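A.B. asks: sequence-free structure coming up:
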DNA sequence: TATTTTTTGAAACATTGTTGCAATTAAAAC
DNA sequence: GTTTTAATTGCAACAATGTTTCAAAAAATA
């Protein structure tokens, strides 16, 4: 029996294999851009909103996905490079690009968030770099 | 008759002087950190939620305040250096610091968001730099 | 002070975040 | 392949936030 990619990922994180988790993970695997809870709900049909919410939290805690901060008021998530991220310990230092046109947010692995020296008295745990602009898709369209 | 700082600011932006606007602007003037709609509601007492919401939108459009992106799902706003920002044209390039401990978000004028060259096909309108960590206040406390 | 234009406040509704709990299901044990 | 055990789900319920419409109230102007 060959396991799907999503099943394998779940196994590797020692998470129970459930329908919702497979469906959600499949969606992340098949999408380039970061997905919001709403995006996922739309794709999933009539899945339970609360279960989805908890699934996302579980995935984030296990290091499967990370928040893609893009300056909007909607939380979006993207797949982690799962080889690096561990439970409660993320290693996603790349920038996120948010298109003002289509609203999609994507990871930009090529650009890293800068490493800063904290001002006196402060300590820094993580820096995020958010880029706003127009993506190549929308650039062409206009 | 001497005009208050908030009245002057409103006048300069050609906004009508109303109670709500003065109160909200006074709050921004007297706080270091960025304020969320909820923060403001708490300080304002029983002000109308919808009016506050619209006041913030108006202020942002006129260039009085800007969104302080901090990676949380709550929108927060901070005063602009009003000499630079104009309606629909912001010049706030500084980083924002978010304290994981107390949750406060502050502008870090000393640190600027990096200027990046866009990947082929993309265009960049603005970059945001968000710093997470512990502020000097909370550092001492722990 | 009267007129005009903007702003406010209420009602109403959608979306999102969040918890508690009983029913269900997955994994482990037998 | 059942049974047991432990985690997950789905529902109810609630709080916070975002957003529009429209008549009433207030601010600026004449």
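C.D. replies: Cool, got the structure. Keep in mind the model is a prediction, meaning the values are calculated, not measured.
A.B. asks: what comes up buried for the strand ranked longest in chain A?
C.D. replies: Using DSSP state E, we find that the single longest strand of chain A is strand A:123-134. If you call a residue buried by 16 or more other CB atoms under 10 Å in any protein chain shown, then strand A:123-134 has these buried ones: A:127, A:128, A:129, A:130, A:131, A:132, A:133, A:134. Bear in mind the C-beta positions are built from the backbone N, C-alpha and C, glycine included.
A.B. asks: in TSV, list these along with pLDDT and distance to DNA strand D.
C.D. replies: Below are the buried residues of strand A:123-134 laid out as TSV (pLDDT from 0 to 100; distance: CB to the nearest atom of the strand, whole Å):
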residue	pLDDT	distance to DNA strand D
A:127	93	24
A:128	94	19
A:129	95	22
A:130	94	17
A:131	94	21
A:132	93	17
A:133	93	20
A:134	94	20
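A.B. asks: can you tell me how far residue A:60 sits from chain B?
C.D. replies: According to CB to the nearest CB, to the nearest Å, residue A:60 stands 13 Å off from chain B.
A.B. asks: next one: that residue from residue B:110, what distance?
C.D. replies: Residue A:60 sits 32 Å away from residue B:110, going by CB to CB, to the nearest Å.
A.B. asks: same question, residue A:26
C.D. replies: 45 Å.
A.B. asks: so which residues of chain A form helices?
C.D. replies: For chain A, the helices defined by DSSP state H occupy A:5-12, A:19-29, A:37-44, A:49-62, A:136-141.
A.B. asks: take these and lay them out in TSV including distance to residue A:115.
C.D. replies: Shown next, in TSV, are these (distance: least, CB to CB, whole Å):
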stretch	distance to residue A:115
helix A:5-12	29
helix A:19-29	28
helix A:37-44	31
helix A:49-62	23
helix A:136-141	28
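A.B. asks: ok, residue A:24 to residue A:13 distance?
C.D. replies: Residue A:24 is 13 Å from residue A:13, by CB to CB.
A.B. asks: so what's residue A:4 scoring on pLDDT?
C.D. replies: Note on residue A:4: pLDDT of 88.
A.B. asks: about what we covered before: just curious, which of the buried residues of strand A:123-134 is nearest to residue B:115?
C.D. replies: residue A:131 (10.7 Å; CB to CB).
A.B. asks: quick one: residues contacting the closest one.
C.D. replies: For residue A:131, the contact set (CB atoms under 8 Å, 6 or more residues apart in numbering or on different chains) comprises A:95, A:96, A:97, A:98, A:108, A:111, B:116, B:124, B:126, B:127, B:128.
A.B. asks: do that again at 6 Å, thanks
C.D. replies: By CB atoms under 6 Å, 6 or more residues apart in numbering or on different chains, the contact list for residue A:131 reads A:95, A:97, B:124, B:127.
A.B. asks: do residue A:69 as well
C.D. replies: Residue A:69 neighbours (CB under 6 Å, 6+ apart): A:128, A:130, B:71.
A.B. asks: what parts of chain A come near DNA strand C?
C.D. replies: Applying CB under 7 Å from any atom of the strand, one finds that chain A approaches DNA strand C through A:16-19, A:36-38, A:41, A:49-50, A:53-54, A:74-75.
A.B. asks: and the residues you listed, which of them are buried?
C.D. replies: A:36, A:37, A:41, A:75.
A.B. asks: these two touch, right, the last one and residue B:74?
C.D. replies: In other words, residue A:75. No. Using CB atoms under 6 Å, residue A:75 is not in contact with residue B:74, being 10.8 Å away.
A.B. asks: hmm, back to that, among residue A:26 and residue B:110, which residue is more densely surrounded?
C.D. replies: Ranked by neighbour count (other CB atoms under 10 Å in any protein chain shown), residue A:26 and residue B:110 place residue A:26 first, with 15 against 8.
A.B. asks: quick one: residues contacting that one.
C.D. replies: Contacts of residue A:26 (CB under 6 Å, 6+ apart): residue A:6.
A.B. asks: so how far is residue A:44 from it?
C.D. replies: 10 Å.
A.B. asks: and residue A:101, by the same measure?
C.D. replies: Applying CB to CB to residue A:101 and residue A:44 gives a distance of 26 Å.
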